[in-house]
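Enquirer: Here's a sequence, model it:
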Amino acid sequence: NKFINKTNTNEFSSFKFIDAFAGCGGLSQGLKESGFHPVLVNEIEAKFLETYYFNHDLHLDCYECCDIKDLVVKKQSLRKKYDNIDLVVGGPPCQGFSMANRQRIIDDPRNRLYKDFLELLNIVKPKFFIMENVKGMINKSQEILEDFQDILGFDYSIDMVLLNAKDFGVPQNRERVFVIGSSEQKVSAISITNNIKDYKSSATLLKDALFGLPELKPKTIDQKST
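Expert: The predicted structure is shown next:
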């Protein structure tokens, strides 16, 4: 706490974003390294948000430890405070998703968080948005794109892409679906996903990530003697 300046409100940052379902701040860290700065961080688990707090230089006023539904009910205040937001990101849990489930994702009561995330987008109308989710969501791609269009109208170009972390210098075989939206006419969503694919790099092995760490050895202290 004493090593981090919690009075920084990022008032002069060029690109501002909202992180919903923020967890411990992994996605936020990547965006910060790309020149973005969080102005609202939402997470329901206090322990996760505490980790975020101790690892990011962010004013306490930027944190909302609550269910996302408690955010979206504040439509007028959200719209007024974040009327010119650049980016909204989030990975809402979608417990009701199933390839065998014929009910629409947005109508499944177990997927309320997914619906609330779409409502957040509709309220603040960011210039861009990113939704991250599990690989299996790609099988519902048409339905998901229709959900976004039903809620947001035709103000956004939207594209969906399946990416693997191992293709971008991360020593992990992790496939995730990303839904990307853009309201900027000069920057379409598909141009963004194409640019992302162009950044693919050679594989980074786990041994490379662990290089330089001290060797682990068995304990030499006799537990019984203590």
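
Enquirer: List the contacts of the closest residue in space to Ala165 that isn't next to it in sequence.
Expert: Of all residues not flanking Ala165 in the chain, Arg174 sits nearest, at 4.1 Å (Cβ to Cβ, 6 or more residues apart in numbering). The way it works is simple: take the backbone N, C-alpha and C, and place the C-beta from them, glycine included. Neighbour list for Arg174: Asn164, Ala165, Lys166 [criterion: Cβ atoms under 8 Å, 6 or more residues apart in numbering].

Enquirer: Tell me the pLDDT of Phe3.
Expert: Predicted confidence (pLDDT) at Phe3: the value is 38.

Enquirer: Can you list the residue ranges for strands in this protein?
Expert: 15-20, 36-42, 63-64, 87-90, 128-134, 157-164, 175-182 (DSSP state E).

Enquirer: Export these to TSV and append columns for mean pLDDT and mean neighbour count.
Expert: Listed next are the strands of the chain as TSV, based on pLDDT from 0 to 100; neighbours: other Cβ atoms under 10 Å:
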stretch	mean pLDDT	mean neighbour count
strand 15-20	96	22
strand 36-42	96	22
strand 63-64	96	19
strand 87-90	97	22
strand 128-134	95	20
strand 157-164	95	17
strand 175-182	95	20
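
Enquirer: what would those look like in TSV with distance to Ile144?
Expert: Shown next, in TSV, are these (distance: least, Cβ to Cβ, whole Å):
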stretch	distance to Ile144
strand 15-20	17
strand 36-42	21
strand 63-64	25
strand 87-90	14
strand 128-134	9
strand 157-164	7
strand 175-182	6
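
Enquirer: Just want the most central residue of this structure.
Expert: Gly90 (3.4 Å; Cα atoms, centre = their mean).

Enquirer: Do I have it right that it meets Asn133?
Expert: No. The pair Gly90 / Asn133 is not scored as a contact, 9.5 Å apart, by Cβ atoms under 8 Å.

Enquirer: those helices in the protein, which residues are they?
Expert: 26-33, 46-55, 68-72, 75-81, 112-124, 141-152, 189-198, 206-209 (DSSP state H).

Enquirer: Just say which of the ones you listed is most tucked in.
Expert: helix 112-124 (a mean of 21; mean count of other Cβ atoms under 10 Å).

Enquirer: Mind giving me the packing neighbours of that helix?
Expert: strand 15-20, helix 68-72, helix 75-81, strand 87-90, helix 141-152 (3 or more Cβ pairs under 8 Å, 6 or more residues apart in numbering; DSSP states H and E).

Enquirer: picking that back up, what's the closest of the contacts of Arg174 to Glu64?
Expert: Ala165 (27.8 Å; Cβ to Cβ).

Enquirer: What's the separation between the closest one and Glu143?
Expert: 25 Å (Cβ to Cβ, to the nearest Å).

Enquirer: now swap in Leu162 and tell me
Expert: Counting by Cβ to Cβ - Leu162 and Glu143 are separated by 16 Å.

Enquirer: what do you get for Ser191?
Expert: The value you get for Ser191 to Glu143, if Cβ to Cβ is used, is 24 Å.

Enquirer: can you check Phe211 too?
Expert: 44 Å.
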